[in-house]
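Enquirer: Fold the following for me, if possible:
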Amino acid sequence: MNTSRRITTVAVIAATAAVTMTGCGLKEGLTEKANGHVKTVAYATGAEGKRDQDVRLPDWVSDRATSVTEVIRTTGSERILRFTGGDLPANCVPGAASTQPATLAAEWWPQGQESRTDKVCGEWHVLVKDGAVYGFKPETLVNTRS
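Expert: Numbers count the residues shown, from 1 in each chain. Model prediction:
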């Protein structure tokens with residue numbers, strides 16, 4: 001195979017992968033990490049994220065929330081979430097910070113943020129800070145393999 005044909009083949013494969021990873025307008029990616037599969041999603045609004053049947057934002061996220069970004073462990077239940085706007089519902093109550101550390105990471109998730117949360121929304125530990133809402137759902141699945 002000559003060099004120009006190889007370049008064309010690589011370009012076609014890269015373009016196909018890019019289209020596949022965008023998921024029909026939904027910004028998402030799937031990457032293999034040392035600690036499991038991780039999926040990242042982003043939505044313009046909470047309402048848009050709640051319509052995504054594959055991911056389903058938690059009910060406590062306001063439909064009016066904006067700039068919603070979530071990192072999800074696809075092999076477990078751990079999640080980290082960030083959005084702006086929208087009020088927390090009444091069922092989000094003051095509560096203790098998570099004692100379980102986050103193993104997920106994102107550039108928008110300050111390291112140790114889960115230990116600063118001061119509200120609980122169901123299974124989520126939540127912090128509202130500087131106009132942004134940060135949520136952490138700890139891993140609840142137990143690995144029985146040794």
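Enquirer: contacting residues around residue 91?
Expert: Residues counted as contacts of residue 91 (C-beta atoms under 8 Å, 6 or more residues apart in numbering) are 60, 121-122. C-beta: built from backbone N, CA, C; applies to glycine.
Enquirer: any idea which strand is longest in the protein?
Expert: strand 36-45 (DSSP state E).
Enquirer: any idea of the mean pLDDT for that one?
Expert: For strand 36-45, the mean pLDDT works out to 90.
Enquirer: again with stretch 118-125
Expert: Stretch 118-125 comes out at a mean pLDDT of 97.
Enquirer: ends of it, how far apart?
Expert: 7 Å (C-alpha to C-alpha, to the nearest Å).
Enquirer: what's the answer for stretch 72-86, then?
Expert: 21 Å.
Enquirer: one step back: return the subset of the contacts of residue 91 lying in strands.
Expert: Going by DSSP E, the strands hold residue 121 from these.
Enquirer: just to revisit the earlier point, and the longest strand of the chain, what's buried?
Expert: 38-43, 45 (16 or more other C-beta atoms under 10 Å).
Enquirer: Against which helices or strands is that strand packed?
Expert: In terms of contacts (3 or more C-beta pairs under 8 Å, 6 or more residues apart in numbering; DSSP states H and E), strand 36-45 is packed against strand 27-33, strand 66-73.
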